[in-house]
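Novice: just need the structure, nothing else, for what follows:
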Amino acid sequence: NERIDKVTRYGEGLIEADHYATETIREKIEELKKQWEVLEEAATEKQQKLVEANQQQSFSRLVDDFTHWVSDIRTQLASEDLGKDLPAVMNLLKKHEQLESDVMAHEERLALIQQQSEKFRDDGHYASDSITERAQSAAEIHAALAEPMATRQKALTDARALHQFLKDFSDERNGIDGLVLPTDRGSSVVEVQDLIRSHQAVQADVETATKRVDTLQQRGKKLQSEEHYASEQIEQAGTELAGVLEKLQEAFTERQLDLDEALKEQQYAADIVEAQAWLNEKALMIAADEHGTDEEATQVVQKKHEALMADLKTFEATMEKLETKRRACKAYQDAPDGTEPDGPHIHLNQSLVAGIIRQQGYMLQLAETEQKHKFMRMADAETEWIASKIPMAGSENFGSDLENAEELKKDHSAFCTEVTARQTKIDDVWSECSKLWDKGHAEKDVIKSRAEDLDSCWKALLEASNNRTTLLGEAIEVHTFNKNANEVISWMAEKGAVLAAEDVATSLSDSEAMMRSHETLLSDLTPIEAKVEGINAEAIRLMEAFSSYSDEV
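Specialist: Reported below is the predicted structural model:
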C-alpha cells in the first residue's frame, strides 16, 4: 500500500510538473488505483471468506463438542446401573443431579449455537444453510435428552425407594429380632410384678414397631400401586416382615398371658402363705387353755373366742376365694386333684377344719364353764342372802313386853314373806342344776353338790324362821299373861291401899260416900276373883307348855 501510494505520489508529481506524458501517467495512475482497488476488494473478500471459514470451523467445533457431550450424556443415561444398595443409589442420584445441572448449563451453549447460527444467517455467511442445519440438529439432540433424563431419574428414584424400603425392612427386621422376650416367670409376686412392668415397657416398643411396620407396609403398597419395577420383591419383603411382626406379637401375647398366669400363681401362693400364717396365729389362741376364774372373766374369754369363731367362719369365704384363685391357675387346672400342686391348699383347708373343730370344742367347754360360773353365782348369791337372813331368823330377841313382841312379830311376818318369795330363786338354782345335770355337764357332780349345800342352808333358814315364828308366838302369850297378871296385881294393890286406909267419916255424907265406895269395891271383887283364877290357870298352862318361861310365869 505504501508502494502504491509512493508510485501514485510520484506520478502525480510528474503530472504537476507538466510531464509530456501526463495523460499517460494519469491513465496509469488511474489504472493502478483501479487494479489496487480490485486487489483490495479481492483481498477483503478473501479475508472475509477466511474469517467466515474460521468462524465455520469454530462453530463446527462448538457443535461437535456439544454433539460429543450429548452423546456422552446419552451413554450415561443409558446406563443400567441402579446401585446395589442405598448408598450406591444415593451416589448415582447425586451424579444424576450433577448431570441435570450440566444439561441445564449446556442450554446456554445451545443458545450460543442458535445465536451464532442466526447471526451467520443474517450476515449472509456462505455456509449459513449448513450451519443452520447443524444448529437445528444440536437443538434436536439436546431436546431428545429430556426423555432419557426423566427415565433415568424415575429409575434411580424407584431404586432409591426400593433400597430405602429394603433398608427400612432390614432395620425393622433386626429391631424385631432384637426384641428378645425373657422366659423367667419370677419366684414371688414382687418379681412377677417387676417382670410385668418390664414387659409393659417392651409393649411400647412392640406398638412402636407395629406402627413403623404398618407405615412401611403402606409405603410398599404405594410403590406397588405405582407399578414399581421391583413390586414383587417389595410385596415379598412386606409379607415376610408382617409374618415376623405377627410372630413377635404372638410371642408378646403369650408372654403377657404367661406373666398374668405367673402373677395369679404367685399371688395365690402368697395368699396361701398369708392364710396359713393367720391360721397358725389363731391356732395359738385356740390352744390357749383359758376358761376364766369367774363368770365375768369367762364371758370375756367367750366373747374373744366367739369373735375368733366368727373369724374362722368368715375365713371359709377366704378359702372359697382361694379355691376360685386356685382353679383359675392353669398349673392347678392341669394337675389331678390331690397331687402336689394342691398340697398347700389341702393342708390349709385341713388346718381350717381342724381349727374350727377345736374351736367348737373349746367353745363348748367355755359354755359349760360359763354355765358353771353362772350356777355358782346364783348359788353363791342365794347362800349369801341366806347367810344374811340367818341372824334375823335365829334372833333371841322376843321383846321386852307385849307391845314390843307384837312389833317383832310383825317384822318377822314381813321377813317370812320375804323368805317365802325367795323360794322362787332357790327353785331357779335347782332348775339350773337339773338342766345342767340332764345335759351331762362335765362338772355336774360338783354342781349338784353345790346345790345340795344351798338346799341345806335354805332348810336351815326355813327351820330357823319357823322356830322364831313359834318362839315369838310363845313370847307374845307370855307377855300377854304378864300384862294381864300385872294389871290384876296393880288393881289389887290399889284396892288394898284403899282398904288399909284409916280414914273416919266426919259427917253423914262422908260416911255415906265411903259406904258407897266400899260397896263398889266389894262388887268388883267377884269378877276380879274370876280373873285371878283365869290367870292362875293360864300360868299353869304356860309353865307346862313353855318350860323356859316357868320361872318368869
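Novice: Asp85: neighbouring residues, count only.
Specialist: Number of residues near Asp85 (other C-beta atoms under 10 Å) recorded here: 12. In short, each C-beta sits where N, CA and C put it, glycine included.
Novice: Asp177 too?
Specialist: Neighbour tally, Asp177, other C-beta under 10 Å: 10.
Novice: go on, Lys33?
Specialist: Lys33 has 12 nearby residues by other C-beta under 10 Å.
Novice: tell me the confidence at it?
Specialist: As predicted, Lys33 sits at a pLDDT of 81.
Novice: quick one: it and Ile4, what's the gap?
Specialist: Using C-beta to C-beta, to the nearest Å, Lys33 is found at 8 Å from Ile4.
Novice: kindly report the same for Asp18.
Specialist: 23 Å.
Novice: helices of the stretch 1-150 of the chain, start to end?
Specialist: Using DSSP state H, counting those that start in this stretch, the helices found in the stretch 1-150 of the chain span residues 2-16, 22-77, 86-122, 128-143, 146-178.
Novice: could I get these as a markdown table with distance to Ile426?
Specialist: As requested, those are exported to a markdown table (distance: least, C-beta to C-beta, whole Å):
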| stretch | distance to Ile426 |
| --- | --- |
| helix 2-16 | 185 |
| helix 22-77 | 133 |
| helix 86-122 | 113 |
| helix 128-143 | 140 |
| helix 146-178 | 95 |
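Novice: can you say which of those helices is nearest to Cys457?
Specialist: Nearest of the helices of the stretch 1-150 of the chain to Cys457, taken as C-beta to C-beta: helix 146-178 at 97.1 Å.
Novice: now the closest one: buried residues?
Specialist: Neighbour-count burial for helix 146-178, counted by 16 or more other C-beta atoms under 10 Å, picks out 149, 152-153, 155-156, 158-163, 165-166, 168-169, 172-173, 176.
Novice: residues near the nearest residue to Leu471 once chain neighbours are set aside, how many?
Specialist: Spatial nearest neighbour of Leu471, chain neighbours left out: Phe398 (6.0 Å); criterion: C-beta to C-beta, 6 or more residues apart in numbering. Neighbour count for Phe398, taken as other C-beta under 10 Å: 20.
Novice: helix or strand: which one has Phe398?
Specialist: Counting by DSSP states H and E, no helix or strand carries Phe398.
Novice: Asp214 now?
Specialist: Using DSSP H and E, Asp214 sits in helix 189-225.
Novice: between that helix and helix 146-178, how big is the angle?
Specialist: Angle, helix 189-225 to helix 146-178, by axes from the mean of the first three to the mean of the last three C-alpha atoms, to 10 degrees: 160 degrees.
Novice: helix or strand right after helix 189-225?
Specialist: Going down the chain from helix 189-225, the next helix or strand is helix 231-287, by DSSP H and E.
Novice: packing partners of that following helix?
Specialist: If contacts are counted by 3 or more C-beta pairs under 8 Å, 6 or more residues apart in numbering; DSSP states H and E, helix 231-287 sits against helix 146-178, helix 189-225, helix 295-328, helix 330-333, helix 343-393.
Novice: just to revisit the earlier point, looking at Asp18 and Ile4, which has the bigger crowd around it?
Specialist: Neighbour count, other C-beta under 10 Å: between Asp18 and Ile4, Ile4 has more, with 15 against 7.
Novice: just give me the neighbour total for the closest residue to the more buried one other than its chain neighbours.
Specialist: Spatial nearest neighbour of Ile4, chain neighbours left out: Trp36 (5.1 Å); criterion: C-beta to C-beta, 6+ apart. Applying other C-beta under 10 Å, we find 17 residues neighbouring Trp36.
Novice: where do the helices of the stretch 401-550 of the chain begin and end?
Specialist: Ranges of helices within the stretch 401-550 of the chain are 402-438, 444-499, 508-545, based on DSSP H, counting those that start in this stretch.
Novice: JSON lines for the ones you listed, including mean pLDDT and mean neighbour count?
Specialist: Output for these, formatted as JSON lines (pLDDT from 0 to 100; neighbours: other C-beta atoms under 10 Å):
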{"stretch": "helix 402-438", "mean pLDDT": "88", "mean neighbour count": "15"}
{"stretch": "helix 444-499", "mean pLDDT": "82", "mean neighbour count": "16"}
{"stretch": "helix 508-545", "mean pLDDT": "71", "mean neighbour count": "12"}
